[in-house]
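got a predicted structure plus its sequence, pasted below:
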Amino acid sequence: MANDISALAQDADATPVLSIELNGAEPTERGCRLTFVVKNQLEQDIDRAAYEVALFGKDGLVKKLTALDFQAFPAGQTKVRQFDLADLDCGDLGRVLINGVTACEGADEDACMARLETAARGEIAFGR
């Protein structure tokens, strides 16, 4: 019973987050398609979120620096976003780094970066 109360107290104290998961990378005719799953667990909608990302090769060198516009994240919803990146070899991609926020509209200033959590499925590292 004490463990149940402790778990409930921790859940109540948990700060709502915006989570972005790098869910996959697949080759296309022109480059690489990155797929992300976004969960807005905040108590507010985000009208638009965009991030500057650095794409690293498996050799640790930056291959590309670009902005990804994720558009709107309604509160309490999960969305899937895909980005086609020309001239990028998925097989050589080793890491995706969120370098900064380029747009965070309709939410408080902490929502898009300070309350951001990242995760990855597969071999490509993803974080900030």
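The structure has been received and is ready for your questions. Residues are numbered from 1 along each chain as shown.

tell me which helix or strand in this protein has the weakest average pLDDT.
helix 2-13 (a mean of 48; mean pLDDT, DSSP states H and E).

in whichever helix or strand comes after that helix, what's buried?
Once helix 2-13 ends, the next helix or strand along the chain (criterion: DSSP states H and E) is strand 18-27. Using 16 or more other C-beta atoms under 10 Å as the test for burial, strand 18-27 gives Leu18, Ile20, Glu21, Leu22, Asn23, Gly24, Ala25. C-beta: built from backbone N, CA, C; applies to glycine.

spatially central residue for this structure, please.
Nearest to the mean C-alpha position of the chain, by C-alpha atoms, centre = their mean, lies Ile20 at 3.0 Å.

okay, that residue: pLDDT?
Looking at Ile20, its pLDDT is 98.

correct me if wrong: it contacts Thr35.
No: using C-beta atoms under 8 Å, Ile20 is not in contact with Thr35; the gap is 11.2 Å.

where does pLDDT dip in the chain?
Within the chain, the segments meeting pLDDT under 70 span 1-13.

next, please give the residue ranges for the strands of it.
18-27, 31-40, 46-57, 62-73, 78-86, 93-105, 116-120, 125-127 (DSSP state E).

strand partners of the shortest one, parallel vs antiparallel please.
Partners of strand 125-127 in the sheet, by DSSP bridges, are strand 93-105 (parallel).

next up, the contacts around Lys63.
Going by C-beta atoms under 8 Å, 6 or more residues apart in numbering, Lys63 touches Leu55, Phe56, Gly57, Leu88, Asp92, Leu93.

could you dump these to CSV with neighbour count?
Formatted as CSV, the contacts of Lys63 follow (neighbours: other C-beta atoms under 10 Å):
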residue, neighbour count
Leu55, 20
Phe56, 18
Gly57, 16
Leu88, 21
Asp92, 14
Leu93, 23
